[in-house]
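Asks: Have a look; sequence and predicted model below, questions after that.
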Amino acid sequence: MELNLFAVVEWLNYDQLLVSIVPSNWLVTEGENPEILFSYWSPRPVDDSIVKKRLPPQTNWPKYQVKLLGSAGDIVLHTIITKTHL
């Protein structure tokens, strides 16, 4: 999967629309279908600096199915729509 530095994703399987900007290194595929994407996400609130620095996800972070909406090589974060309650 070739992506820019950041991805805009929609979190699937929720009653409301949830969209976030995540580092592309937080995205993974599972199984044989590369079209099915998952993103790691911290169980704690995510600070903008973690995203901006593209810090690797912790191995104990859960993964959630996402739909890729777009990607970018650089971002300016004023606000990240965060996924705090799953």
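Replies: Arrived safely.

Asks: CA atoms for contacts and neighbours, from now on please.
Replies: Will do.

Asks: what ranges do the strands span in the protein?
Replies: Along the chain, the stretches classed as strands by DSSP state E are 6-11, 19-23, 27-29, 37-40, 63-72.

Asks: What strands line up against the longest one, and which way round?
Replies: So that's strand 63-72. strand 6-11 (antiparallel), strand 37-40 (antiparallel) (DSSP bridges).

Asks: Okay, buried residues for it please.
Replies: Of all the residues in strand 63-72, those buried under the rule 16 or more other C-alpha atoms under 10 Å are 63, 64, 65, 66, 67, 68, 71.

Asks: Not counting its neighbours along the chain, what's nearest the fourth one?
Replies: To tie it back to what came earlier, the one meant is residue 66. Of all residues not flanking residue 66 in the chain, residue 11 sits nearest, at 4.6 Å (C-alpha to C-alpha, 6 or more residues apart in numbering).

Asks: residues in contact with that neighbour?
Replies: Contacts for residue 11 (C-alpha atoms under 8 Å, 6 or more residues apart in numbering) come out as 17, 18, 19, 20, 64, 65, 66, 67.

Asks: From residue 32, how far out is the residue nearest the centre of the chain?
Replies: Of all residues in the chain, the one closest to the mean position by C-alpha atoms, centre = their mean is residue 22, 3.7 Å from it. The span separating residue 22 from residue 32 equals 23 Å under the rule C-alpha to C-alpha, to the nearest Å.

Asks: just residue 59 next, same as before
Replies: Here residue 59 is placed at a distance of 21 Å from residue 32 (C-alpha to C-alpha).

Asks: now swap in residue 14 and tell me
Replies: The span separating residue 14 from residue 32 equals 24 Å under the rule C-alpha to C-alpha.

Asks: Residue 17 now?
Replies: When C-alpha to C-alpha is the yardstick, residue 17 and residue 32 sit 27 Å from each other.

Asks: now do residue 63
Replies: Taking C-alpha to C-alpha, one finds residue 63 at 17 Å from residue 32.

Asks: So in the chain, where's the weakest helix or strand by average pLDDT?
Replies: Each helix and strand of the chain was given a mean pLDDT (mean pLDDT, DSSP states H and E); the minimum falls on helix 48-52 at a mean of 86.

Asks: Against which helices or strands is that one packed?
Replies: Counting by 3 or more C-alpha pairs under 8 Å, 6 or more residues apart in numbering; DSSP states H and E, the packing neighbours recorded for helix 48-52 are strand 19-23.
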